[in-house]
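Visitor: got a structure for you, letters missing:
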């Protein structure tokens, strides 16, 4: 029997439990215990991908958790935490390609032995293995081979962003970058916060790949801001792998993500005058001041390299549902969020299933209507760019 499970497969850890830095741009409060509690209790997730787990100290923390009985390794791969959350362990790797440009990739491993093996390998290729996403002076083809040797999954991380996205700054074609044989061993692509299925399906070579929408959370409040609904027999590594390959009816049923206009890199941003483009894409120089010093937006970059003017969705492509996390909504602060969670249990329940009348009863008509408008796509959003999130205007 197959069931539905919510999964966010890209979450960072800021510090070890003893205070050592891991992901330096992530919150100090972002430790493994805090992240697991947030994912299981407040967000209502079933599967969580920790992509700094190959850092040696974090790898040790996970091994200790298993040794002490706080988590257990599953026969089908992955770790089960308190019988309510499955942990998928992995790494975010920055490769250096032949053209000298860098790109980010995600690798996931079925068990702690394979994770530790990759951790030891990667430690010999980077300057400081205790810090996440450090530059590796090897190309993606080489890292792909090492991941596959350890029965791992290898995929694109925030594929289109100008900051280390593979398409964003490194190549026009991942098939050319990885080679035909390498491309056949990649099953999935992470869309990133500034893009969606409609945008990505303008590239012909992506028709065979499964799309994932993950939070890339650097703080607890952003965990689960994007996630996926999976159809699996159980929440385990092997079932996740089958879903990414579309085997035996396992699959991604839906992607839930931000409206791309809320993303930090949706439109081109001028570094000279600070303007975010609103003109028809692709904008590659500032229309206002003429400067060519810009951070190219995801929307603009995709229009540059698109094979089709309109998206061409493969038959198996699941729907993409826009959502606006509570922290993005005007008038919704920490106290309001606490009241909502006390009433409805998890943020997913608030965003998708709570009745409008119950929302109004809990937080008043004004906030209730904002949440309802977000569900129905009625909010007006000013696009983000250059590292600044978009904003809900009304």
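Guide: Yep, it's here. None of these values were measured; they are calculated from a predicted model.
Visitor: what residue is smack in the middle of the protein?
Guide: In the chain, the C-alpha nearest the mean C-alpha coordinate belongs to residue 214, at 2.5 Å (C-alpha atoms, centre = their mean).
Visitor: OK, contacts around it?
Guide: By C-beta atoms under 8 Å, 6 or more residues apart in numbering, residue 214 lies in contact with 8-11, 49, 190, 226-228. Placement of C-beta: from N, CA and C, glycine included.
Visitor: Okay, and which of those residues map to strands?
Guide: The strands, defined by DSSP state E, take in 8-11, 49, 190, 227-228 from the contacts of residue 214.
Visitor: Could you export the residues you listed to a markdown table, including columns for distance to residue 220?
Guide: What follows is the ones in strands among the contacts of residue 214, written out as a markdown table (distance: C-beta to C-beta, whole Å):
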| residue | distance to residue 220 |
| --- | --- |
| 8 | 12 |
| 9 | 17 |
| 10 | 15 |
| 11 | 10 |
| 49 | 16 |
| 190 | 20 |
| 227 | 15 |
| 228 | 20 |
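Visitor: Double-check residue 74 against residue 112; I have them as touching.
Guide: No - counting by C-beta atoms under 8 Å, residue 74 does not reach residue 112; the two are 11.3 Å apart.
Visitor: so who does residue 352 touch?
Guide: Taking C-beta under 8 Å, 6+ apart, we find residue 352 in contact with 323, 375.
Visitor: Can you classify it by secondary structure?
Guide: Following DSSP: H, G, I helix; E, B strand; the rest coil, residue 352 is assigned to helix.
Visitor: pLDDT score assigned to it?
Guide: In this model, residue 352 is scored at 84, pLDDT.
Visitor: Please apply the same query to residue 49.
Guide: For residue 49, the pLDDT comes out at 98.
Visitor: what bridges to it?
Guide: Residue 49 forms beta bridges with residue 88, as assigned by DSSP bridges.
Visitor: before we move on, the earlier item: excluding chain neighbours, what is closest to the residue nearest to the centre of the chain?
Guide: Excluding the flanking residues, the one nearest residue 214 by C-beta to C-beta, 6 or more residues apart in numbering is residue 10, at 3.5 Å.
Visitor: count of neighbours near the one you found?
Guide: Using other C-beta atoms under 10 Å, residue 10 has 23 other residues around it.
Visitor: ok, it touching residue 190?
Guide: Yes - shown here, residue 10 and residue 190 form a contact pair, counting by C-beta under 8 Å, at 6.4 Å.
Visitor: quick one: common contacting residues for these two?
Guide: Applying C-beta under 8 Å, 6+ apart, one finds that residue 10 and residue 190 are jointly contacted by 106, 157, 214.
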